[in-house]
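> Next one to model:
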Amino acid sequence: QLVESGGGSVQAGGSLRLSCAASGSIQRTNCMGWFRQAPGKEREGVARIATGSGNTYYADSVKGRFTISQDNAKNTVYLEMNSLNSEDTAMYYCAASDDLVCRLDPSVVNYWGQGTQVTVS
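From the prediction side, this is the model:
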C-alpha cells in the first residue's frame, strides 16, 4: 500500500512537500517515485529514486525545482517542490516498481497510490 499526503493549494512561487509511506511488500521494490496527471493530459513521470543506491531521476520540467528523497527507516519517500507554477497543477501519484533503471514511464509502475492534488494559482 502507498499512502500519500501533503498536497494542497499554493500560490505561484510557493513550495509544497509531498510524502508517500509504503507498507507491506511494496517496501522492497527497487524504485519509488512520483508521477502526475493534469486534466486532459497523460500521466507523466516527475521524479524517481532507486531505493538501494539513492540515485535520483527527474523530468526536465522539474529539474532544479523539485527534490526527491527517502527515509528508509520510515519506508517513506518525499517530494520537495519549490518555485511552483501553474503548469505544476495536477494530481500527484506515488508509484513503486521493480524496474532496474527507474524510468519515468507510467507503464513500468507496479503499484500506485491514490493520488494527492496540487493546485498552483
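
> For W34, report the pLDDT, please.
W34 carries a pLDDT value of 97.

> Please apply the same query to T56.
With respect to pLDDT, T56 has a value of 96.

> what's the burial count for it?
Residues lying near T56 (other C-beta atoms under 10 Å) number 16. No exception for glycine: its C-beta is placed from N, CA and C like everyone else's.

> Assign the residue lying closest to Y78 once chain neighbours are set aside to helix, strand or coil.
The spatial neighbour of Y78 that comes closest, neighbours along the chain excluded (C-beta to C-beta, 6 or more residues apart in numbering), is S69 at 5.0 Å. Following DSSP: H, G, I helix; E, B strand; the rest coil, the label given to S69 is strand.

> pretty sure S69 is touching T51, no?
No. Counting by C-beta atoms under 8 Å, S69 sits too far from T51 to count as a contact (11.4 Å).

> Name the residue in the two with the higher neighbour count.
Taking other C-beta under 10 Å, S69 and T51 do not tie; T51 has more neighbours (21 against 14).

> For that one, give me its contacts.
T29, N30, C31, M32, Q70, N72 (C-beta atoms under 8 Å, 6 or more residues apart in numbering).
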